[in-house]
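1. For reference, the sequence and a predicted model appear below.
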Amino acid sequence: MEIKCHKVASGCASGPALATCEAISFLGNVNPNTGVVVDPAHELYGQSLSGKVLIFPGGKGSTVGSYVIYQLKKRGLAPAAMINLRSEAIVAVGAIISGIPLVDRVPEAVLQLERGILVEVDADRGLVKISGPACLERRHPGSDCSAPACPR
C-alpha cells in the first residue's frame with residue numbers, strides 16, 4: 001500500500017513500524033541514553049525507538065526535545081524515520097538537524113499500523129509504503145484512535 005504524504009525532513013529510510021495514538025515528548029518520554037520510552041503512562045512504555053519507523057500524532061513538550069532526537073541519532077539509537085499526522089517545530093527541527101526522514105499529513109489510520117510491519121518512508125517523493133498485510137488494525141482493544149478495526 002502506498003500513501004501520499006508531505007515532506008518535513010528529507011531522506012528515505014525503512015524499518016519496522018512502531019505506532020502510537022499518543023503524542024511524544026522526547027524530553028521526558030524517551031531516555032536519550034537508551035532510546036527507550038521511559039514514561040510508564042505512555043502506550044509505548046518499554047519500547048525501543050532505535051531503527052523503527054516511529055508513527056505518532058506529533059510531538060509535545062520542551063524545545064529541548066529537538067536536541068534529544070539529535071542525541072539519539074548521534075548514539076545510533078534514533079528512529080530510522082518518523083511519520084506524524086501534523087509535525088510541529090520540536091520534532092521537525094530534531095529530524096532536520098539529525099537527518100531523519102520525517103513526513104506528515106497522512107491519514108489518521110496509520111496510527112493503527114500493527115507493530116513490526118515493514119514501512120518505507122520516502123520523504124523526497126512524498127510517499128509512505130507499507131509492506132505485508134495492508135490492513136490497518138487496532139493493536140489494543142479500547143484504543144482511543146478513531147481508525148476502524150480491520151475487517152476479517
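-> Ah, there it is.

2. mind checking how far the lowest-mean-pLDDT helix or strand in the chain is from the chain centre?
-> Lowest on mean pLDDT, DSSP states H and E among the helices and strands of the chain sits helix 26-29, with a mean of 94. In terms of CA atoms, centre = their mean, to the nearest Å, the centre of helix 26-29 is found 14 Å from the chain centre.

3. who's in contact with that helix?
-> 32, 37-39, 42, 44, 59, 61-62, 64-66, 68-69, 72, 90-91, 94 (CB atoms under 8 Å, 6 or more residues apart in numbering). All C-beta spots, glycine's among them, are computed from the backbone N, C-alpha and C.

4. What's the first helix or strand after it?
-> Per DSSP states H and E, the first helix or strand lying C-terminal to helix 26-29 is strand 53-56.

5. ok, then the element right after that following strand?
-> helix 64-74.

6. Could you report the neighbour count for the spatially closest residue to Leu127 that is not a sequence neighbour?
-> By the measure of CB to CB, 6 or more residues apart in numbering, the closest residue to Leu127 outside its immediate chain neighbours is Glu2, 5.6 Å from it. Residues contacting Glu2 under the criterion other CB atoms under 10 Å number 12.

7. just checking, Glu2 touches Ser131?
-> No. Contact criterion CB atoms under 8 Å: Glu2 and Ser131 do not qualify, at 10.6 Å.

8. returning to what we had before: contacting residues for the residue nearest to Leu127?
-> The contact partners of Glu2, by CB under 8 Å, 6+ apart, come to Leu127, Val128, Lys129, Ile130.

9. Report the two of the residues you listed separated the most.
-> Spanning the widest gap among the contacts of Glu2 are Leu127 and Ile130, at 10.4 Å by CB to CB.

10. Report the buried residues of the longest strand anywhere in the chain.
-> The single longest strand within the chain, with elements called by DSSP state E, is strand 12-19. Using 16 or more other CB atoms under 10 Å as the test for burial, strand 12-19 gives Ala13, Ser14, Gly15, Ala17, Leu18, Ala19.

11. Equivalent analysis for stretch 17-35, please.
-> 17-32, 35.
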